[in-house]
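**Q** here is a sequence together with a model predicted from it:
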Amino acid sequence: MKKGDHLFLVDGSGYIFRAYHALPPLTRKSDGLPVGAVAGFCNMLWKLLQNARDTDVGVTPTHFAVIFDHSSKTFRNDLYPEYKANRSEPPEDLVPQFGLIREATQAFDLPCIEMAGFEADDLIATYARLASEAGGETTIISSDKDLMQLVTDHVSMYDPMKDREIRIPEVIEKWGVPPEKMIDLQALTGDSVDNVPGVPGIGPKTAAQLLEEYGDLDTLLSRANEIKQNKRRENLIEFAEKARISRELVKLRIDVPVEHGIDTFELAPPDGPKLIGFLKAMEFSTLTRRVAEATGAEVAEIEAAHVEVEAGESAHGPDLDPSPAESDGDAATPAKLAAGIAEACAAQTFDHAGYECIRDLDTLKLWVEEACETGILAFDTETTSLDPMQAELCGFSLATKPGRAAYVPLNHKSGDGDLLGGGLIEDQIPQKDALEAIKAVMANPAVLKIGQNLKYDWLLMYRLGVEIVGVDDTMLMSYVLDAGTGSHGTVSHGMDALSERWLGHKPIPYKELTGTGRKQVTFDMVDLERATAYAAEDADITLRLWQVLKPRLAAEGLVSVYERLERPMIPVIGRMEHRGVAVDRQILSRLSGDFAQTAAGIEDEIYELAGERFTIGSPKQLGEILFGKMGLPGGSKTKTGQWSTSAQVLEDLAAAGHELPRKIVDWRQVTKLKSTYTDALPGYINPETKRVHTSYALASTTTGRLSSSEPNLQNIPIRTAEGRKIRTAFVAPEGTKLISADYSQIELRVLAHVADIPELKKAFADGLDIHAMTASEMFDVPVEGMPPEVRRRAKAINFGIIYGISAFGLANQLGIPREEASAYIKRYFERFPGIKDYMDSTKAQAREQGYVETVFGRRAHYPEIRSSNPQLRAFNERAAINAPIQGSAADIIRRAMARMEGALADAGLEDVQMLLQVHDELIFEAPESKVEKAIPVICEVMENAALPARALSVPLQVEARAASNWDEAH
DNA sequence: GTGGTCTCCTA
DNA sequence: GTAGGAGACCACA
């Protein structure tokens, strides 16, 4: 190395952590291996090296090395055993990336330097000194404050994330002291992340001011008795020794006996094929292309064979093996790491007394700062209601690492006092101030906010003007991992169940604080000590669950399911619920009146026919009248031995000429419409927004569908003319329209794709009537002039297939003998043998591995498919056949929803708002002037929703329409 | 008040 | 035959 040369030193270890938290998570498509930090690292190296070639841009390195920490134990631990002692394990989807980043460095043909007993920072300091002594310049690729002490006229730093150079003026600007005083400054402030003690009560501002006044640490400590502020003086005297130790801890060693001389770092031209081989193995397509372009086209041609070897080798390497099954030895596979983490977490204990109750703004700000440093923040709100659209905030809790959690009470009231329950407890941070203090960290995607059922907290905070960006949800992780496990899919993804299962810890029951029944109080009435124990524990548990579940995602290859299909739904569904839908109270009220009148008329006729008054709505009483008193031929019995009075039974009796059963059916229809819809819906109109805000459950179904409740807007009537009237009450406000866009036959299309049925695929490709085509194939009837009854039967069979057909079910549906239904199914399987194959292989898969998968890799578990109970087994087989079809369709519309807002915004349609989802349909509200432009955008997003992840072999078709109410729009 | 049963609304 | 949620009734506490 000589004068004019320029050494680049990349702080590899620092970069990994920073990239992991700052960059969007990324997984290798083929197996879900987490590679986000590796991707960032490769992109950065490539950019830096490009500058080396293009001499017009940026600084040109002549020497280049990447420096890593070797292990956690260094000479600093001998100085101060607690050094870095409170540092938690790295996130588990980061762990496999450590090895990969070293491999990446080697693929770039760059020196990969590390040394036992020393941190990367010490090596960097030593090399920077050596370079300066040789007359060269040094750029340290890092933004770590610990390295800023090294900055001189010839040593600068470069923050690759912010594309910013850090020289002497930048250090002074940021810290208030020049680089050479950084060591003293850090000695005073300490570092909570690395557990450097420092002097309590002294932050960067105070430290800079003191150093300005006294010059350096030794002078300051020796003259500490001159300090005016009592507390500060006492601390400086008491903790002088801690400050001196801290100085030794933060001072970097410039005399490490390095093994590799600086001259060995000389930059050579990149080995294109080697690098491309690695990048291809990582599946970084964009960068692979760039590198291929930059290194010449022919390199791209020879690369194929080379990559094959690299990919093959790496697939067996310990750091790359993502499969839990076939690992050998003590290799640190993601699965083993996940299991280890789970075991360690289950062994940890909980200390309620260790939780903090935050009652002043400064303390809250310290916690926020800490979260910014760790990049991780478990978050939970405590409120007065389960409805996030009506709830008032009582307080919120935070956790930054296991056992370190706090509750921030905001609106707690004292339990005693007058009838109103006393006033606000003193020393609570005003809500406005607290929200202001956390707003930035909540919006910062580099700090991961971890929640349990975070959609609730997201929506509540959104209502209060705080948007949360950068989220993880332990409930959704559990759902992705374990949907359907447990008998009848009874496994709960609720926090209490997860805590007991994974942490072996039973949380404080909510009811223990608030009581139950008439005496139940809202959370803001709970005293702060118990509220803190409960609320902080929730955040603590959430954080620990995250530590267990996140690595499992990688270990089980489910990262992309979580990232693509679950996590994006939190803000999307959150906004949909927040918008709600306009419902016309007058229309419902008028319909209620109409239904009441109709019902009253029918009731009179029923009493007349029955010869007495009775409770028509009681199946028990009704059964006694029909099958006892009137002696009608009873159909089936229910499982409790009662006569069934189901619509089917009553219809059959009506068809046989009996008058009363018909009246009962009619009465049931109108009373159902009245009680469930026209009477109930107005009660859900939010008094503030005047709209109805349903709640979508993201983790309630085994297949991946959403469910809707309070009210359920996914079962609004449509089949009968009377029922449809209810849809006219769902309206578009003045000046807007409702747009309804629904997938045509999406499940049959998915079936055609997954079972690979050429006839079905062709029919869809040609835009034919699929049920008529099926009928034509099965019954040898031409599509032209086909009797409706024939088509109806084919349609029932098609649906039956999706539901995991049985002769019994089909016979019931069509009202034909079981033998006939059986013959239909046989015929169907003969005409479409692929269907039978699909069903058999799906059942076999479910039996062997316990779950089936959607096209996008979502799993649905059916453990009971191995049951010896034939009924239970058959039920699970049908469900297992259905799940990939229903679930893939659910995945597709989720993908469409995740992309919709962005696509609309890109088209200048941000005021077109997605309101509702009904499994294969999306409902939007749009300004009238935007309708025409919005419809094609919506259809485009929905029809292409499977891409680019999967190319379906069948086109998806969407029909969309706009009108002023839901009935006309659909 | 809570939970089970029956019935019925949707995709 | 799949996947859901909800209201009414009724027996139990």
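**A** Yep, that arrived. Predicted model only: the values in this text are computed from it and were never measured.

**Q** separation between the residue lying closest to residue A:541 once chain neighbours are set aside and DNA strand C?
**A** Computed as C-beta to C-beta, 6 or more residues apart in numbering, the closest residue to residue A:541 that is not its neighbour in sequence is residue A:499, at 4.8 Å. For the C-beta atoms, the positions are set from N, CA and C on the backbone; glycine is no exception. Applying C-beta to the nearest atom of the strand, to the nearest Å, the value for residue A:499 to DNA strand C is 22 Å.

**Q** and residue A:499, helix, strand or coil?
**A** Under DSSP: H, G, I helix; E, B strand; the rest coil, the three-state class of residue A:499 is helix.

**Q** surely it and residue A:540 touch.
**A** No - taking contacts as C-beta atoms under 8 Å, residue A:499 lies outside contact range of residue A:540: 9.8 Å.

**Q** which one of these two is surrounded by more residues?
**A** residue A:540 (32 against 23; other C-beta atoms under 10 Å).

**Q** give me phi/psi at the more buried one?
**A** With angles defined as degrees, to the nearest 10, residue A:540 sits at phi -60, psi -50.

**Q** is it true that it touches residue A:403?
**A** Yes - using C-beta under 8 Å, residue A:540 is in contact with residue A:403, at 6.6 Å.

**Q** return every residue with contacts to both of these two.
**A** In terms of C-beta atoms under 8 Å, 6 or more residues apart in numbering, residue A:540 and residue A:403 are both contacted by the residues residue A:350.

**Q** where does chain A have low pLDDT?
**A** Within chain A, the segments meeting pLDDT under 70 span A:51-58, A:72, A:86, A:88-89, A:297-332, A:415-422, A:489.

**Q** care to break it down by domain?
**A** A:6-265, A:272-316, A:344-567, A:584-684, A:746-889 (automatic domain parsing).

**Q** then stretch A:744-759 to CSV, C-alphas only?
**A** Taking Å, rounded to 0.1, in the frame of the first residue of the first chain, the C-alpha atoms of stretch A:744-759 are listed here in CSV:
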residue,chain,number,x,y,z
SER,A,744,-66.0,-16.2,-11.9
GLN,A,745,-65.8,-19.8,-10.9
ILE,A,746,-62.5,-19.4,-9.2
GLU,A,747,-62.6,-22.7,-7.3
LEU,A,748,-63.4,-24.7,-10.4
ARG,A,749,-60.6,-23.0,-12.2
VAL,A,750,-58.2,-23.8,-9.3
LEU,A,751,-59.4,-27.4,-9.5
ALA,A,752,-58.7,-27.5,-13.2
HIS,A,753,-55.2,-26.2,-12.5
VAL,A,754,-54.2,-28.3,-9.5
ALA,A,755,-55.8,-31.6,-10.7
ASP,A,756,-54.5,-30.8,-14.2
ILE,A,757,-57.7,-31.6,-16.1
PRO,A,758,-57.2,-30.9,-19.9
GLU,A,759,-60.9,-30.7,-20.7
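
**Q** Throw the domains of chain A into TSV and include distance to DNA strand B, thanks.
**A** Listed next are these as TSV, based on distance: least, C-beta to the nearest atom of the strand, whole Å:
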stretch	distance to DNA strand B
domain A:6-265	29
domain A:272-316	34
domain A:344-567	5
domain A:584-684	3
domain A:746-889	7
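
**Q** and those as TSV, adding distance to residue A:577?
**A** Listed next are those as TSV, based on distance: least, C-beta to C-beta, whole Å:
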stretch	distance to residue A:577
domain A:6-265	24
domain A:272-316	36
domain A:344-567	6
domain A:584-684	12
domain A:746-889	22
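
**Q** now do the same contact list for residue A:790.
**A** A:775, A:779, A:781.

**Q** ok, and the closest non-adjacent residue to the second one?
**A** Of all residues not flanking residue A:779 in the chain, residue A:790 sits nearest, at 5.9 Å (C-beta to C-beta, 6+ apart).

**Q** is DNA strand C contacted by the helix or strand containing that neighbour?
**A** Taking DSSP states H and E as the definition, residue A:790 sits inside helix A:788-802. Yes - residues of helix A:788-802 are located near DNA strand C by C-beta under 7 Å from any atom of the strand, namely A:796, A:797, A:799, A:800.

**Q** just the CA atoms of that helix, as PDB, please.
**A** Below are the C-alpha coordinates for helix A:788-802, written out as PDB (Å, rounded to 0.1, in the frame of the first residue of the first chain):
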ATOM      1  CA  PRO A 788     -81.800 -26.900 -17.600                       C
ATOM      2  CA  GLU A 789     -82.200 -30.000 -15.400                       C
ATOM      3  CA  VAL A 790     -79.200 -31.700 -17.000                       C
ATOM      4  CA  ARG A 791     -77.000 -28.700 -16.500                       C
ATOM      5  CA  ARG A 792     -78.200 -28.300 -12.900                       C
ATOM      6  CA  ARG A 793     -77.100 -31.900 -12.100                       C
ATOM      7  CA  ALA A 794     -73.700 -31.300 -13.700                       C
ATOM      8  CA  LYS A 795     -73.300 -28.100 -11.600                       C
ATOM      9  CA  ALA A 796     -74.100 -30.000  -8.400                       C
ATOM     10  CA  ILE A 797     -71.500 -32.600  -9.300                       C
ATOM     11  CA  ASN A 798     -68.900 -29.900 -10.000                       C
ATOM     12  CA  PHE A 799     -69.500 -28.400  -6.600                       C
ATOM     13  CA  GLY A 800     -69.600 -31.800  -5.100                       C
ATOM     14  CA  ILE A 801     -66.100 -32.500  -6.400                       C
ATOM     15  CA  ILE A 802     -64.800 -29.300  -4.800                       C
END
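
**Q** check which residues of it are buried.
**A** Buried positions in helix A:788-802, judged by neighbour count with 16 or more other C-beta atoms under 10 Å: A:790, A:791, A:793, A:794, A:795, A:796, A:797, A:798, A:799, A:800, A:801, A:802.

**Q** and the residues you listed, which two are furthest apart?
**A** A:790 and A:802 (19.7 Å; C-beta to C-beta).

**Q** list the contacts for the closest residue to DNA strand C within the stretch 151-300 of chain A?
**A** Of all residues in the stretch 151-300 of chain A, the one sitting closest to DNA strand C is residue A:283 (33.4 Å; C-beta to the nearest atom of the strand). Residues in contact with residue A:283 (C-beta under 8 Å, 6+ apart) are A:28, A:29, A:30, A:35.

**Q** in chain A, where's the longest helix?
**A** As assigned by DSSP state H, the longest helix anywhere in chain A is helix A:870-906.

**Q** run the angle between it and helix A:788-802 for me.
**A** Here the directions of helix A:870-906 and helix A:788-802 differ by 100 degrees (axes from the mean of the first three to the mean of the last three C-alpha atoms, to 10 degrees).

**Q** list just the nearest of the residues of helix A:788-802 next to DNA strand C to DNA strand C.
**A** Using C-beta to the nearest atom of the strand, these come closest to DNA strand C at residue A:800, 2.4 Å.

**Q** for the closest one, give me its contacts.
**A** So residue A:800 contacts A:806, A:809, A:810, A:813, A:825 (C-beta under 8 Å, 6+ apart).
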